[in-house]
Every structure is written in C-alpha cells, then in structure tokens.
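Colleague: heads up, no residue letters with this:
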C-alpha cells in the first residue's frame with residue numbers, strides 16, 4: 001500500500017472531492033471542512049416539542065456555530081462530497097488542534113473503495129471545556145492510499161451518496177446521557193439538598209434551645 005503524495009493528491013482530488021481547493025492540501029492529506037449538517041446531544045431535547053428539529057443546520061453568522069460541551073457527543077457532516085476509486089482506500093482523522101481541546105473521533109477511520117458522498121464524523125468531548133466549531137472550519141483530514149489492484153469488493157451500503165444526517169442515527173441520542181457534566185450537576189443538586197437539611201437542622205436546634213430555656217424559666221417561676 002502506497003500513500004498518495006501531495007503531488008498526486010493535487011492531480012487526482014479535483015475529480016474526487018467536490019469544491020476541491022488546493023489551499024486545503026496539507027502535505028500528504030487534504031483538509032475537509034465542517035458542513036451545515038450537525039447534531040450535538042443536549043438536555044434541551046428532554047423538554048422539546050416532539051416536532052422540534054433535531055439536526056442543526058448551520059448558516060450565516062451568528063447561526064454558524066456548534067458548541068460541544070464536555071461529555072457531549074456530536075455528529076458533524078463534511079461540506080465536501082468525497083469519492084474513493086475502486087483501486088484505492090482512504091483514511092480519515094481529525095486535526096490535532098481539535099484533539100488537543102479534548103475531542104475524540106469515535107466514528108470509523110477508513111473509507112471503503114467505491115464510496116461516494118459526504119462523510120459523517122462522530123466525536124465526543126472528553127475535555128474540560130466546551131469546544132466551538134464553525135461552518136467551513138477545516139476540521140478533518142483525509143489520506144488516500146493505493147490498493148494492490150482494482151477491487152470488485154466496493155462499498156454498496158445505504159449511506160452511499162449521503163448528504164444529510166439520517167434520523168435513525170439519532171435514536172436514543174436525545175435523552176440525557178451520562179457524562180462528567182451530568183455527574184457534576186447531580187453533585188451540585190445533592191450539595192444543595194445537604195445545605196438545606198443542615199439549615200433546617202440548625203433552625204430546629206435553635207428552636208429547641210429557646211423552647212427548653214423558656215420551659216426551664218417557667219418551671220422555675222412556678223416552683224417559687
């Protein structure tokens with residue numbers, strides 16, 4: 001298997017990647033941009049109307065931003081449509097600047113021969129802060145490599161030609177998920193309950209002391 005050089009990418013990719021731009025060549029890889037179809041898990045879905053849209057469509061500023069909070073999963077579709085010829089294989093990853101912020105690519109890492117369509121990345125924010133991405137950000141990398149021959153075993157699955165995030169991928173993704181953020185919220189609620197109990201206990205302790213003192217004075221007065 002031989003990986004395509006920057007020179008070969010410049011020669012072949014105009015016919016394999018839509019809206020190819022030489023400026024997005026990165027040594028022996030090509031930078032893929034954030035498209036308009038995105039989704040991130042959120043607590044808001046628990047209280048949303050059944051007809052509320054799940055997938056966000058990024059557009060003009062200020063609606064061109066997706067915030068991925070700590071502990072959240074997100075689906076991000078590329079702006080470009082990608083083709084992989086029958087005699088090649090593509091490998092995909094995320095740029096280091098996003099990995100350093102805590103984002104982890106939890107989707108596949110290769111694209112089969114015969115693939116055509118936009119690529120969908122699934123990422124998870126394992127970092128301490130929210131990660132902000134924008135429409136058209138060069139976020140992902142794709143690398144091509146030659147197979148030893150042209151393969152007859154090519155991708156023919158249902159995602160071929162995809163242009164948007166499918167609804168079935170979002171099943172069970174709209175509920176609150178276990179995450180460090182959710183755990184932090186539960187701890188905060190518990191701490192607030194403890195403080196409330198402590199306040200109530202202190203109040204009753206004061207009341208008990210006052211009542212006991214009053215009864216003691218009354219009994220002392222009666223005894224006289």
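Modeller: Alright, I've got the coordinates. These numbers come from a predicted model, not from an experiment.
Colleague: can I assume residue 57 is in contact with residue 36?
Modeller: Yes - counting by CB atoms under 8 Å, residue 57 touches residue 36, with 5.3 Å between them. The way it works is simple: take the backbone N, C-alpha and C, and place the C-beta from them, glycine included.
Colleague: tell me which of those two has more neighbours.
Modeller: Using other CB atoms under 10 Å, the more surrounded residue of residue 57 and residue 36 is residue 36, with 16 against 13.
Colleague: which residues does the residue nearest to the more buried one when sequence neighbours are not counted contact?
Modeller: Excluding its sequence neighbours, the residue lying closest to residue 36 (CB to CB, 6 or more residues apart in numbering) is residue 58, at 4.6 Å. Counting by CB atoms under 8 Å, 6 or more residues apart in numbering, residue 58 touches 34-38, 64-66, 134-135.
Colleague: how far away is residue 58 from residue 32?
Modeller: 15 Å (CB to CB, to the nearest Å).
Colleague: buried subset of the contacts of residue 58 as a PyMOL selection?
Modeller: A single PyMOL command selects the buried members of those (16 or more other CB atoms under 10 Å):
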select buried, resi 34+35+36+37+38+66+135
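Colleague: can you tell me which of the contacts of residue 58 is nearest residue 111?
Modeller: Of all the contacts of residue 58, residue 111 sits closest to residue 35, with 15.8 Å by CB to CB.
Colleague: for that closest one, which non-adjacent residue is closest in space?
Modeller: Leaving aside its sequence neighbours, residue 35 sits nearest to residue 79 (CB to CB, 6+ apart; 3.9 Å).
Colleague: which SSE is immediately downstream of the strand or helix carrying the one you found?
Modeller: According to DSSP states H and E, residue 79 maps onto strand 73-83. Next in sequence after strand 73-83, counting helices and strands by DSSP H and E, comes strand 88-94.
Colleague: quick one: buried residues of that following strand?
Modeller: Neighbour-count burial for strand 88-94 [16+ other CB under 10 Å]: 88-90, 92, 94.
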